[in-house]
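Trainee: how would this look folded up:
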Amino acid sequence: MTITIKTASWFQPLPDDHLRIGISRGVPRRMAGGFRIYKTLAPGAWFNSVSIERYDELYRTEILDRLDPQRVAIDLQTMAGLGRITVMLCYETAGKGQWCHRAMVAEWLAKSLGITVPEFGFEQLPQDQHPLMPPQLRRGAAGAATGTAPAR
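Mentor: Sure, this is the predicted structure:
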């Protein structure tokens, strides 16, 4: 089974063969139906009250490190169904200088499963250049080997 997973904003229009799966703590008001929710990847209550570095630490230790990436990918693909592309959603919009935990999830899944998990509309970018990964957390080739962010 080929697993195809992307990320996007709740507000990004998507083709019909893409299934919206929210990984945020909530859903935007008046959001039209046709989506699913996967709370397992939602950030903790600290999500809007800590620095980027602390967020990264908490998200990885409290959320990602407790999960099996293969199981998460299977869950997401099962939710999407055959022939549909899974798209993990949160609020932030790519290209506006924002960052989002969905870039962290994309990196984690990509590294763990040996796949690419791009942002919708930015599929040409290398995985380590996901447009919503904060610059100080980008893990290029050197950082990926040690699990540390490159020196600034």
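
Trainee: tell me the centre residue of the chain?
Mentor: The residue lying closest to the centre of the chain (Cα atoms, centre = their mean) is residue 102, at 2.4 Å.

Trainee: in what helix or strand does the closest residue to that residue other than its chain neighbours lie?
Mentor: Nearest in space to residue 102, with sequence neighbours left out and distances taken as Cβ to Cβ, 6 or more residues apart in numbering, is residue 7 at 4.3 Å. For glycine as for every other residue, the C-beta is placed from the backbone atoms N, C-alpha and C. Assessed by DSSP states H and E, residue 7 sits inside strand 5-9.

Trainee: ok, now residue 20?
Mentor: Per DSSP H and E: residue 20 is located in strand 18-22.

Trainee: for that strand, packing partners?
Mentor: Packed against strand 18-22 by the contact rule (3 or more Cβ pairs under 8 Å, 6 or more residues apart in numbering; DSSP states H and E) you find strand 35-37, helix 69-80, strand 85-90.

Trainee: what angle do that strand and strand 85-90 make?
Mentor: Angular relation of strand 18-22 and strand 85-90 on a 0 to 180 degree scale: 30 degrees, by axes from the mean of the first three to the mean of the last three Cα atoms, to 10 degrees.

Trainee: run me through the strand neighbours of strand 18-22, direction for each.
Mentor: strand 35-37 (parallel), strand 85-90 (parallel) (DSSP bridges).

Trainee: looking at those strands, which is buried most?
Mentor: Of all the strands paired with strand 18-22, strand 85-90 has the most neighbours on average by mean count of other Cβ atoms under 10 Å, namely a mean of 24.
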